[in-house]
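Peer 1: Fold the stuff below for me.
(chains A and B)
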Amino acid sequence: MKKKNIISRFWIYLVVIAFWVICELLISQESLSPVIQNQLIPICCWVTMAVSLNLVVGISGELSLGHAGFMSLGAFSGLIIAGWLQNAAQVESPVARLVLAMLAGGLIAGIFGFLIGIPVLRLRGDYLAIVTLAFGEIINSLIINLYVNLDQGTLYFKFLKGRGLPGIPLLAGAQGPDNISKIALVPAGFILVLLTLIIVNNLIHCRTGRAIMATRDNRIAAESVGINVTKYKMTAFVTAAVLAGMAGAMYGLFMSRATKPTMFRYTKSIDVLVFVVMGGLGNVNGSVISAALLTILPEQLRFLNDYRMLIYAVVLILMMLISNNPLIRSWMTRVKENLFRRNKQTPSVPVPGLDDQKGGGRT
Amino acid sequence: MVNLLVNLVNGLSLGSVYAIIALGYTMVYGIAKMLNFAHGDVIMVGAYAAYVALRSLNMPPLVATLIAMVVCTLLGILIEKTAYKPLRQATSLAVLITAIGVSYFLQNMAQLIWGATPVNFPADFITLPSISLMDGKLLIEGATLITILAGAVIMVGLTLFINRTKVGKAMRAVSEDRGAAELMGINVNRTISITFAIGSALAAIAGILLWAKVFKLEPTTGALPGIKAFTAAVLGGIGSIPGAMLGGVLLGVIEIFGRAYISTALSDAIVFSVLIIVLLVRPTGLLGKAVREKV
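Peer 2: Have a look, this model is predicted:
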């Protein structure tokens, strides 16, 4: 019994590590197709994004549509720090720069996550969704107007207009970053994924995680047994923001000059939400797999040209229609019961969606 | 002073468009309890339909508007029947993802049909002459005037429709309590379809009015006005029809004033900040009803 539990909890780590080892082997033999090799770091970033968003949407039960905003904050603060380390502090080692930039990105995103969380977590359901979306858009339009220059070790920040700043530009508003080398590494990407999994899994399986899930399932009942709802929701929200910030810094240092503030608008948040829902709400392992697959798939379907996104849309709609069809649902439950007949403790309770929080008129 | 008036008129005009779109959002939310993310793309389809009618078929503007309304109404009903109706019992997140799928579908379909390059919406579409007031200092364009008038007519008409007609009564009943409405003999599915039809027809009008002033039309341009109208609906209290009107007009005026007096680059940030501040003070929007949670 116990052994089975351990396997079911940790197989995803084995899968990620195995995938990493295979990729490293293929890269060392130069037999990995360049398309996939170029996708490895973005895949790691999107997996991290999906797992961290799952913490907010699936585990904490708050529909957030502004997750890409935290990624954006992480990306640009990480880029600025990396640019400063590279051009002013003369840190030679790219690994040190990457790690410091990711820590900075995570920290900045975490601080903003906390500040945004204070007003946002007071709201419920769809109001919370639109406010997170609004924050994401505000972050986007602030960064798009931000100009940062570096002159003799000092960072100069200017808003709205970039002209007149001394030194070399690091960030030039809508044009994006400049003078920052690409230092993202494939191993760092996989380590980020593993770190995210460890953090999120540990959070879910400890006392805090159970409290978070209790507030999701029934806020009033959780409050009545003395759970501080705001505190636990904030824990989930800030953790997710920090992870998104780190993923953002990684992504920014992978793309460097090609990073644009407009890449992280609400459509990106929605893309990540699609990963989460496809992988299963509250199912961390599912998020990893669906994010990886749904990032690779569109790249592999390039030959379909204009029909690519159309097919994606149709598949998305069909998946939702099929997975919510009552007949298919009951059939799936029966199949699952047959499969796990011996393991009676397997919870077959579906994760309640966000339905429960809407309207609030439940009796 | 004149500047202020010009901005106010422009704000009211943009606000009317937002209000018309927001009405579609809020009606659908009130009745089907879903965020219809594809609504912004229905606006885009409406504008393209009008564009085709005007440019390729050489229809007069009024007929083109009617054609766009019919196209959007059919599209709205089709979307509702195929994508949303099977999900009546599903979680709201599943419906949201489906709506996002529909939104992607419409954008990419439009791209396949009309191409990704922007087309120019006919500039001479609204032929009403401009009006000059205060010795020619205050010049109101015909398009602006039409937009404000159309907005006012739609708001009054819709209010009357919801409050005075039998279908309107059915819509209110379904939005209040779907189960009880069904027990009273109201055809819930038909009522929801009618709501989608009205919302989509309004979206077509909003699309035409919007692009009569913006001109540049491309498959992805529907999303941002859609999101802003959604913001307007939430600002006024989602599910509330007067709220959507108030929220839409307010948002339009704030956006134009923000552009004129603070910064063009930050106008979106200003709009969204206003939403956040309002929701902090009134968590259910300006005219939204606070629902008590029963234990």
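
Peer 1: What residues does the stretch 201-350 of chain A have near chain B?
Peer 2: A:220, A:266-267, A:270, A:273-274, A:277, A:281, A:306-307, A:309-310, A:312-314, A:316-317, A:320-321, A:323-326 (CB under 8 Å from any CB of the partner chain). Placement of C-beta: from N, CA and C, glycine included.

Peer 1: Could you do the stretch 1-150 of chain A as well?
Peer 2: A:57, A:63, A:119, A:122-124, A:126-127, A:129-131, A:133-135, A:137-138, A:141-142, A:144-145.

Peer 1: Could you rerun that using 6 Å?
Peer 2: A:119, A:123, A:130-131, A:134, A:137-138, A:141, A:145 (CB under 6 Å from any CB of the partner chain).

Peer 1: Mind checking which of those land in helices?
Peer 2: If you go by DSSP state H, the residues of the stretch 1-150 of chain A next to chain B have A:119, A:130-131, A:134, A:137-138, A:141 in helices.

Peer 1: Whichever residue of the stretch 1-150 of chain B sits closest to chain A: neighbouring residues, count only.
Peer 2: For the stretch 1-150 of chain B, the residue closest to chain A is residue B:91, as judged by CB to the nearest CB, at 2.7 Å. Counted with other CB atoms under 10 Å in any protein chain shown, residues neighbouring residue B:91 total 20.

Peer 1: Distance-wise, check it relative to residue A:323.
Peer 2: 11 Å (CB to CB, to the nearest Å).

Peer 1: And residue A:61, by the same measure?
Peer 2: 19 Å.

Peer 1: who's more crowded, those two?
Peer 2: residue A:61 (25 against 16).

Peer 1: Can you get me a residue count around the closest residue to the more buried one other than its chain neighbours?
Peer 2: What sits nearest to residue A:61 in space, not counting adjacent residues and going by CB to CB, 6 or more residues apart in numbering or on different chains, is residue A:216, at 3.3 Å. By other CB under 10 Å, the residues close to residue A:216 number 25.

Peer 1: need the strands for the chain, in chain order.
Peer 2: Picking chain A for this. A:146-151, A:154-159, A:168-172 (DSSP state E).

Peer 1: my bad, chain B
Peer 2: B:119-120, B:131-133, B:138-140, B:216-217.

Peer 1: Count the residues that sit near residue A:157.
Peer 2: 11.

Peer 1: any idea how far residue B:88 is from residue B:186?
Peer 2: Going from residue B:88 to residue B:186 by CB to CB gives 15 Å.

Peer 1: out of those two, which sits in the more crowded spot?
Peer 2: residue B:186 (19 against 15).

Peer 1: Output the below-cut-off pLDDT ranges for chain A.
Peer 2: For chain A, the stretches with pLDDT under 70 are A:1-4, A:162, A:341-363.

Peer 1: let's see 50
Peer 2: Along chain A, the parts satisfying pLDDT under 50 run over A:1, A:346, A:348, A:353-363.

Peer 1: In it, what residue spans correspond to helices?
Peer 2: Going by DSSP H, chain A shows helices at A:2-28, A:34-54, A:67-87, A:94-120, A:125-143, A:186-205, A:207-217, A:219-224, A:229-255, A:266-279, A:284-300, A:307-323, A:326-339.

Peer 1: what residues are up against the residue of the stretch 151-295 of chain B found nearest chain A?
Peer 2: Here the stretch 151-295 of chain B gets closest to chain A at one residue, residue B:272, 3.7 Å apart by CB to the nearest CB. Residues in contact with residue B:272 (CB atoms under 6 Å, 6 or more residues apart in numbering or on different chains) are A:134, A:137-138.

Peer 1: Just give the nearest non-adjacent residue to residue A:73, would you?
Peer 2: The shortest distance from residue A:73 to any non-neighbouring residue, by CB to CB, 6+ apart, is to residue A:109 (4.6 Å).

Peer 1: Please read the previous query as pertaining to residue B:219.
Peer 2: residue B:110 (4.0 Å).

Peer 1: for residue A:141, same thing?
Peer 2: Closest to residue A:141 by CB to CB, 6+ apart is residue B:269, at 4.2 Å.

Peer 1: Hmm, the one you found is touching residue A:143, no?
Peer 2: No: between residue B:269 and residue A:143 there is no contact under CB atoms under 6 Å: 10.5 Å.

Peer 1: Can you give me the distance of the residue of the stretch 1-150 of chain A found nearest chain B to residue A:289?
Peer 2: As assessed by CB to the nearest CB, chain B sits closest to residue A:134 within the stretch 1-150 of chain A, at 3.7 Å. Note on residue A:134: its distance to residue A:289, by CB to CB, is 31 Å.

Peer 1: Residue A:63 contacts residue A:129, doesn't it?
Peer 2: Yes: with contact defined as CB under 6 Å, residue A:63 counts as touching residue A:129 (4.3 Å).

Peer 1: Neighbour count: the two, which is higher?
Peer 2: Between residue A:63 and residue A:129, residue A:129 has the larger neighbour count (other CB under 10 Å), namely 26 against 23.

Peer 1: quick one: contacts for that one?
Peer 2: Here residue A:129 is in contact with A:63, A:65 (CB under 6 Å, 6+ apart).

Peer 1: same thing with residue B:121?
Peer 2: Neighbour list for residue B:121: B:51, B:211, B:215, B:217 [criterion: CB under 6 Å, 6+ apart].
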